[in-house]
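A.B. asks: Below are the sequence and a predicted model for it; my questions follow.
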Amino acid sequence: MVKFTLLTGRSLVQGVGKEAGKFSEKYIQEVSTCQIDPEDLKILNVKPGDYVRLTTEYGSVVLRVAASTLVHRGSVFVPYGPYANLLIGTKTRGTGMPSFKGIPVEVEPAPGESVPDIKELLVKIYGRGGVR
Amino acid sequence: MKVINAVVCPCCGNLCDDNEVQVEDNKIVKVRTECAISSSKFLNYYKERNTKPLVRVDGQLKPTTLEDAIERVARMLVEAEYPLLYGWSLTSCEAQKKGVELAEEVGGVIDNTTTVCHGPSILGVQDLGDPTCTLGEVRARADLIIYWGCNPSSAHVRHMKRYSSLSKGRFRLPEQRKVVVVDVRKTPTARNANVFVQVKPNQDYELMTALKMLLQNEEIEEQEVAGVPIEQIEELAELMRGCEFGVLFYGLGLTMSEGREKNIDAALTLVRELNKWTKFAIMPMRGHYNVTGANQVLTWQTGYPYAVDFSRGYPRFEPGDTTAVDVLSRGYNDATLVVASDPVANFPKDAVKHLCSEPLAVIDPHISLTAFMADVVIPSAFIGIEEEGTAYRMDGVPLILKKVVEPPEGILSDVQILDLILKRVRELKRGR
């Protein structure tokens, strides 16, 4: 388990993907992949395509990992979306805005686990959902 | 085949109005645009769209009639003590205006996506004022562009080419402009900048304070501030002071990090300080294509830009109390109507939990993640593709979005749907 700083944000693929549909493979693939510096991947002993578990004080989720030199050492980037939301708290400090960036997060390898299916995840966490 | 010019793109706050759309048999077959997000929207908008009103029966959404869906939404709003009407940034000003009328009628709270976007920016501007300009002025005159905590290469794809660093302005060419990016990540925008300043997460306020001190000729004894060597901060301060027309574009890197509206206060006072030396402007990079319009409409209708509560019969604005994430996470509301937005994809888990635990209705062209969870879903036409309407660009310039194809049969616009709901709400209230 290694401590990182979580940054969530927009990515181009997420932006293109959301216009194609929030259940589209492109969107879901992007928002369920976290980006970590290649050197930090070595410390975690994982390689791109492996799964890692991210845990903040607000929640925990398993994501696919990708190597990215755009993310600096000690940070992990997750595009905005339903997976990132599981790691975000609701405190807004009188502004209405939760902290979506700069959150302490613990990252650990998750061998044998995988990213949960989005529809199953929504139903499991929020207790409803589905279109017949 | 019909060729339609000067089509305004309904994606981001750039509202680029130079797109060309080719239509054949009521279908968009080709788009001339330089933006991947715009192209994806015009060519894929009809995929995964919903064309039937839906209602949840035995845990699953099933088709129903429009009349039944309208009746259910109207009853949900009338029966609720404190409904939340949320979204409004991916629709027209005309629909937003109707939404305010509906919120007032049902005594609810109306909030738009500003609340999890540039809400803190508005709070900062309310503190200190807004030394801003239009994007046209940036294009014509700016010789120093600063992108702070924003990444237009990914989020506002044509911003640089159309309005700022790479645009051929009347008095400035791209080679006469300098670009500085301040960010926690070396984003795609940062890779193409003249100067990249990497700030530590949650320390933008410190960096801006250091810049202000240097502009005021005060000495800084530290070797670095916010992870940035003092020499680089001095160079940046000189670059800012020495330009002829600078502009500071800022994004959610400032509003979503620690400090929030205080970061905006710091940016505004920095720009105020710079105006003692040269001409400098500041502008938020607004995300959804008409989130600026949502602020405009709510302000001219109620006096407040977002998070407006009508429960006492008159409008109130209490950030941290009437803002959507706070309303939801504290369990204040007992029903939600979501229009043209997807909070399940964008709100923290515990806010979404409450959203899904009370009656939920959605008006949206797509089966969004929120529609997937809803009790009632009413499909609507795409503004800017199937319906015209007004939208405000990020610099506050209003533009008319065009209708380029007909919507599927039976699909109404947001304005028409909200009008039907409002009429039915008034009938139900009179019958009480």
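C.D. replies: Nice, thanks for sending it over.
A.B. asks: what are the ranges of the helices in chain A?
C.D. replies: A:12-20, A:25-31, A:38-44, A:118-126 (DSSP state H).
A.B. asks: Would you mark the buried spots in the second one?
C.D. replies: Residues of helix A:25-31 classed as buried under the neighbour-count rule (16 or more other CB atoms under 10 Å in any protein chain shown) are A:Lys26, A:Tyr27, A:Ile28, A:Glu30, A:Val31. Every residue, glycine included, has its C-beta placed from N, CA and C.
A.B. asks: Please name every helix or strand in contact with that helix.
C.D. replies: Helix A:25-31 makes packing contacts with helix A:12-20, strand A:75-79 when contacts are defined by 3 or more CB pairs under 8 Å, 6 or more residues apart in numbering or on different chains; DSSP states H and E.
A.B. asks: Tell me which of these is the most buried.
C.D. replies: The highest mean neighbour count among these, using mean count of other CB atoms under 10 Å in any protein chain shown, belongs to strand A:75-79: a mean of 25.
A.B. asks: tell me the angle of that one relative to helix A:12-20?
C.D. replies: Orientation note: strand A:75-79 sits at an angle of 20 degrees relative to helix A:12-20 (axes from the mean of the first three to the mean of the last three CA atoms, to 10 degrees).
A.B. asks: now check strand A:75-79, is it near chain B?
C.D. replies: Yes: where contact is defined by CB under 8 Å from any CB of the partner chain, part of strand A:75-79 touches chain B, namely A:Ser75, A:Phe77.
A.B. asks: If you rank every helix and strand of chain A by mean pLDDT, what lands last?
C.D. replies: helix A:12-20 (a mean of 75; mean pLDDT, DSSP states H and E).
A.B. asks: Mind listing residues that contact that helix?
C.D. replies: A:24, A:26-31, A:79-81, B:11, B:36-37, B:40-41, B:44-45, B:47-48, B:153-155, B:157, B:188, B:345 (CB atoms under 8 Å, 6 or more residues apart in numbering or on different chains).
A.B. asks: Quick one: neighbours of B:Ala36, just the number.
C.D. replies: As a burial measure, B:Ala36 scores 15 neighbours (other CB atoms under 10 Å in any protein chain shown).
A.B. asks: ok, how many other residues are close to whichever residue of the stretch 301-432 of chain B sits closest to chain A?
C.D. replies: The nearest approach of the stretch 301-432 of chain B to chain A comes at B:Thr323, 2.7 Å away (CB to the nearest CB). Burial measure for B:Thr323: 27 neighbouring residues, criterion other CB under 10 Å.
A.B. asks: What residues does the closest residue to it other than its chain neighbours make contact with?
C.D. replies: Residue nearest to B:Thr323 in three dimensions, not counting chain neighbours: A:Gly96, with 2.7 Å by CB to CB, 6 or more residues apart in numbering or on different chains. Contacts here follow CB under 8 Å, 6+ apart; on that basis A:Gly96 touches B:Asp111, B:Thr115, B:Val116, B:Gly119, B:Tyr306, B:Ala307, B:Pro319, B:Gly320, B:Thr323, B:Ala324, B:Val325, B:Asp326.
A.B. asks: Give me the contacts around the longest helix anywhere in chain B.
C.D. replies: For chain B, the helix with the greatest residue count under DSSP H is helix B:414-430. When contacts are defined by CB under 8 Å, 6+ apart, helix B:414-430 is touched by residues B:66, B:70-71, B:73-75, B:77-78, B:91-92, B:94-95, B:98-99, B:101-102, B:105-106, B:339-340, B:363, B:378, B:380-381, B:383, B:387, B:389, B:412.
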